[in-house]
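**Q** Need a 3D model of the following:
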Amino acid sequence: MASWHEIFKWNKYIVSLLAICLFFIGLYAQSPVVPFLLPTPPRVALEAPRLQLPQKFLPIIPSVLPVPTPQPVVRPVLVPNPKNKNLVYLVNAQTLDFDQVFNPDVQILRGDVQFRQGNTFMYCDSAYFYQQENSLDAFGNVKMVQGDTLFLYGDVLYYDGNSQLARMKYNVRMVNRKVVLTTDSLLFDRVKNVGYYTTGGKIVDETNTLTSLIGQYYPSEHKAIFQTLVKLVNPNFVLRSDTLNYDTESGVATIVGPSTMIYKEKTIIHSKSGWYNTRTDQSQLLDRSVIKNEDGRTLTGDTIYYDKRIGIGEAHHHIIITDTTQDLQLFGNYGYLNDNKQFGYVTDSAKLAQYGPSDTLYLHADTLFTFKDSIYNQAKAYHHVRFFRHDFQGQCDSLFYSARDSVMHLYGSPILWSDEQQLTGNEMAAYFKNKEIDYVHVMKNAFAAQQFDSLRYNQLSGKELFAYFRQRELYKIFVSGNAESIYFPLDKDSILIGMNTTQSGFITIYIQKKKIEKILLTPTSNGVMYPPDKTPPDQMELRNFTWQAALRPRNKNDIFTFRKAEKSSVLERHKVIGSVGK
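**A** Predicted coordinates for the structure are as follows:
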């Protein structure tokens with residue numbers, strides 16, 4: 001057993017060791033320098049807190065701010081030049097803290113925090129201020145004020161003072177006078193004065209609301225660019241597009257991609273290029289744009305000028321006006337359309353196509369008009385009119401058609417051909433039934449001619465003439481008033497019998513397989529049959545005879561070549577006929 005003397009001896013050593021330890025602890029506590037044995041904590045960048053606090057708690061700053069972690073916004077790495085005029089200055093804060101050990105370059109600010117850079121002020125509830133890097137992270141009730149017209153609001157702001165790039169996140173709102181942009185995340189370049197969003201945004205002005213997935217907004221230039229799922233909502237219409245530029249000052253939307261506009265559910269506009277003034281409803285549409293109206297009419301053209309309020313449109317180059325209710329189309333290089341008056345016309349290579357159940361009528365004139373008389377559609381064609389359909393063709397100076405009675409009136413030296421028959425007169429009226437020709441009425445100096453051979457023509461004339469059609473073929477001709485005829489009959493072996501001339505009050509000719517089958521004369525008639533070798537040359541043509549086969553349109557493209565009627569070389573034909581008779 002140890003003696004008391006030995007125990008005391010060991011206690012003395014222990015007490016001395018404890019005294020030495022206490023001495024070094026006291027020195028450490030008084031020294032501001034961290035012992036070299038402890039590693040210095042690395043510099044950590046900041047980012048916005050991940051936690052979304054309820055609105056009522058946003059102004060209350062927690063006692064311990066979230067630990068900064070790396071954040072996606074590019075952080076500056078250069079220490080700003082002290083002479084740099086773009087320094088970010090701290091204007092106000094209720095409290096300012098440092099973490100000298102772990103984050104010596106970060107100022108932790110709380111309560112009514114304010115910064116300034118040039119003429120731009122930034123406000124928030126709390127912030128991390130990186131003075132050496134000339135940047136900051138702001139949290140809670142963030143507001144940026146640039147000048148006296150631009151205001152930017154949000155919940156979190158990451159701002160780089162060197163590049164002057166600001167990323168505002170959560171409940172973002174940019175206000176520029178009467179224009180408001182809202183989005184969830186906005187990158188604002190103060191140098192270029194443009195804001196970008198890529199997660200969906202909305203711009204609202206006095207007139208329109210525009211939304212898109214991707215967008216750019218230039219406040220000073222009053223310009224916005226929208227891409228992907230673009231929608232413009234106006235009190236009068238809705239416009240959807242792939243890409244759209246918009247001027248917030250003038251209200252002009254510039255179409256730069258496939259777009260469709262529906263105006264009050266009555267008018268639909270399709271366009272890939274052009275512009276539309278949302279405040280005046282005036283537009284210029286390019287690149288084969290199309291305007292469709294609820295009444296079935298459609299205007300298509302390379303270039304269209306359209307004023308929706310007064311309902312007037314003008315189109316240039318390769319235009320088409322379509323009327324689905326009448327199954328017709330107008331073509332040309334210039335067109336005019338008045339929606340309110342339901343009136344339109346086409347000129348410059350104008351063409352009308354009337355689609356029927358079995359064939360299509362193609363008609364050309366210098367100018368083609370379409371209009372409505374309150375109920376029925378009507379059409380007019382002026383000057384150098386030519387038309388083609390497989391069962392009949394024609395030419396005249398002017399033409400009028402009305403759906404009221406389905407009658408087409410021809411004026412100015414009209415000529416009509418059907419099969420081997422040629423009809424001429426001062427005026428004509430062609431009557432249609434179910435869009436097929438029913439009969440033709442020729443008035444004043446009515447004349448029908450059919451070529452028998454290269455020298456002879458069957459002829460029929462009178463005051464008026466009616467030509468009847470059945471299954472798109474001419475089968476009967478009726479002439480009244482001083483009716484005359486010249487007819488070259490054949491025997492059963494198809495040998496020429498002679499020339500038969502008649503005069504009567506009424507003459508009816510029946511046609512079968514495009515040849516004259518029989519002639520009826522009523523009530524009384526007189527006539528002469530001349531043998532082939534006794535045919536007098538000066539009696540082989542009736543008065544007003546003309547044969548204009550060279551003018552006949554041969555196909556739908558031949559309607560554009562207008563040819564004037566030639567005078568018949570009667571004297572030369574008489575000489576030939578006379579020599580044959582001898």
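**Q** how about stretch 136-155: buried residues?
**A** Neighbour counts over stretch 136-155 (16 or more other Cβ atoms under 10 Å) mark 136-146, 150-155 as buried. Just so you know, the C-beta spots here come from the backbone N, C-alpha and C atoms, and that holds for glycine as well.
**Q** can you give me the mean pLDDT across that stretch?
**A** Stretch 136-155 shows a mean pLDDT of 95.
**Q** Now do the contacts for the residue nearest to residue 168 when sequence neighbours are not counted.
**A** The shortest distance from residue 168 to any non-neighbouring residue, by Cβ to Cβ, 6 or more residues apart in numbering, is to residue 154 (3.8 Å). Contact analysis of residue 154 by Cβ atoms under 8 Å, 6 or more residues apart in numbering lists 142, 168, 169, 170, 171, 172, 173, 186.
**Q** I figured residue 175 hits residue 146, correct?
**A** No: if you go by Cβ atoms under 8 Å, residue 175 and residue 146 don't touch, sitting 10.9 Å apart.
**Q** what's the overlap in contacts for these two?
**A** What both residue 175 and residue 146 touch, as defined by Cβ under 8 Å, 6+ apart, is the set residue 152.
**Q** Out of the contacts of residue 154, which sit inside helices?
**A** Among the contacts of residue 154, none falls in helices (DSSP state H).
**Q** Residue 327 contacts residue 354, doesn't it?
**A** Yes: counting by Cβ under 8 Å, residue 327 does reach residue 354; the two are 6.9 Å apart.
**Q** Which one's more surrounded, these two?
**A** residue 354 (21 against 15; other Cβ atoms under 10 Å).
**Q** Show me what the more buried one is bridged to.
**A** residue 328, residue 361 (DSSP bridges).
**Q** Output the below-cut-off pLDDT ranges for the stretch 451-582 of the chain.
**A** The model of the stretch 451-582 of the chain has pLDDT under 70 over residues 566-582.
**Q** those strands in it, which residues are they?
**A** 457-470, 473-487, 499-512, 515-530 (DSSP state E, counting those that start in this stretch).
**Q** What's the local residue count around residue 171?
**A** So residue 171, with other Cβ under 10 Å, has 14 neighbours.
**Q** can you check residue 391 too?
**A** Residue 391: 18 neighbours (other Cβ under 10 Å).
**Q** before we move on, what about the one 3 residues further on?
**A** For residue 394, the number of neighbouring residues by other Cβ under 10 Å comes to 27.
**Q** Do I have it right that it meets residue 413?
**A** No: using Cβ under 8 Å, residue 394 is not in contact with residue 413; the gap is 11.0 Å.
**Q** residues making contact with the helix or strand containing residue 302?
**A** In this structure, residue 302 sits in strand 297-307 according to DSSP states H and E. Applying Cβ under 8 Å, 6+ apart, the contact partners of strand 297-307 are 269, 274, 280-292, 312-324, 335, 337, 339, 342, 344.
**Q** What pairs with that strand, parallel or antiparallel?
**A** Note on strand 297-307: by DSSP bridges, its sheet partners are strand 282-293 (antiparallel), strand 312-323 (antiparallel).
**Q** how about that strand as PDB, C-alpha atoms only?
**A** The C-alpha trace of strand 297-307 is given here as PDB (Å, rounded to 0.1, in the frame of the first residue of the first chain):
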ATOM      1  CA  ARG A 297     -66.400  32.600 -99.800                       C
ATOM      2  CA  THR A 298     -62.600  32.400 -99.600                       C
ATOM      3  CA  LEU A 299     -59.900  34.700-100.700                       C
ATOM      4  CA  THR A 300     -56.400  33.400-101.500                       C
ATOM      5  CA  GLY A 301     -53.400  35.300-102.800                       C
ATOM      6  CA  ASP A 302     -49.700  35.900-102.700                       C
ATOM      7  CA  THR A 303     -50.300  39.300-101.100                       C
ATOM      8  CA  ILE A 304     -53.500  40.300 -99.400                       C
ATOM      9  CA  TYR A 305     -54.400  43.700 -97.900                       C
ATOM     10  CA  TYR A 306     -57.400  43.300 -95.600                       C
ATOM     11  CA  ASP A 307     -59.500  45.600 -93.500                       C
END
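**Q** Surely residue 285 touches residue 260?
**A** No: between residue 285 and residue 260 there is no contact under Cβ under 8 Å: 11.9 Å.
**Q** tell me, how many neighbours does the closest residue to residue 201 other than its chain neighbours end up with?
**A** In space, residue 201 comes closest to residue 183 once its chain neighbours are excluded; the distance is 3.6 Å by Cβ to Cβ, 6+ apart. Neighbour count of residue 183, defined by other Cβ under 10 Å: 25.
**Q** before we move on, what about residue 235?
**A** Neighbour tally, residue 235, other Cβ under 10 Å: 8.
**Q** Which segments of this protein make up each domain?
**A** Domains of the chain are assigned by automatic domain parsing as 59-191, 200-268, 281-349, 354-582.
**Q** For residue 326, which three-state class applies?
**A** Under DSSP: H, G, I helix; E, B strand; the rest coil, the three-state class of residue 326 is coil.
**Q** so what's the spatially closest residue to it that is not a sequence neighbour up against?
**A** Spatial nearest neighbour of residue 326, excluding adjacent residues (Cβ to Cβ, 6+ apart): residue 377 at 5.1 Å. Residues in contact with residue 377 (Cβ under 8 Å, 6+ apart) are 323, 325, 326, 370, 371, 402, 403.
**Q** again with residue 562
**A** Contacts of residue 562 (Cβ under 8 Å, 6+ apart): 384, 386, 395.
**Q** With residue 326 instead?
**A** 354, 377, 403.
**Q** ok, it to residue 296 distance?
**A** 8 Å (Cβ to Cβ, to the nearest Å).
**Q** Also residue 267?
**A** The spacing between residue 267 and residue 296, counted by Cβ to Cβ, is 12 Å.
**Q** which of the two has more neighbours?
**A** Neighbour totals were compared for residue 267 and residue 296, and residue 267 leads with 19 against 13 (other Cβ under 10 Å).
**Q** contacting residues around the closest residue to that one other than its chain neighbours?
**A** Take residue 267 and drop its neighbours on the chain: the residue closest to it by Cβ to Cβ, 6+ apart is residue 293, 5.5 Å away. In this structure, residue 293 makes contact with 266, 267, 339, judged by Cβ under 8 Å, 6+ apart.
**Q** next one: residue 464
**A** 425, 441, 442, 443, 444, 446, 479, 480, 481.
**Q** Run through the bridge partners of it.
**A** Beta-bridge partners recorded for residue 464 (DSSP bridges): residue 443, residue 480.
**Q** quick one on the thing from earlier: most neighbours among the contacts of residue 562, which one?
**A** residue 395 leads those on contacts (other Cβ under 10 Å) with 26 neighbours.
**Q** Now do the buried residues in whichever strand or helix holds that residue.
**A** Element membership for residue 395 (DSSP H and E) is strand 392-402. By 16+ other Cβ under 10 Å, the buried positions in strand 392-402 come out as 392, 393, 394, 395, 396, 397, 398, 399, 400, 401.
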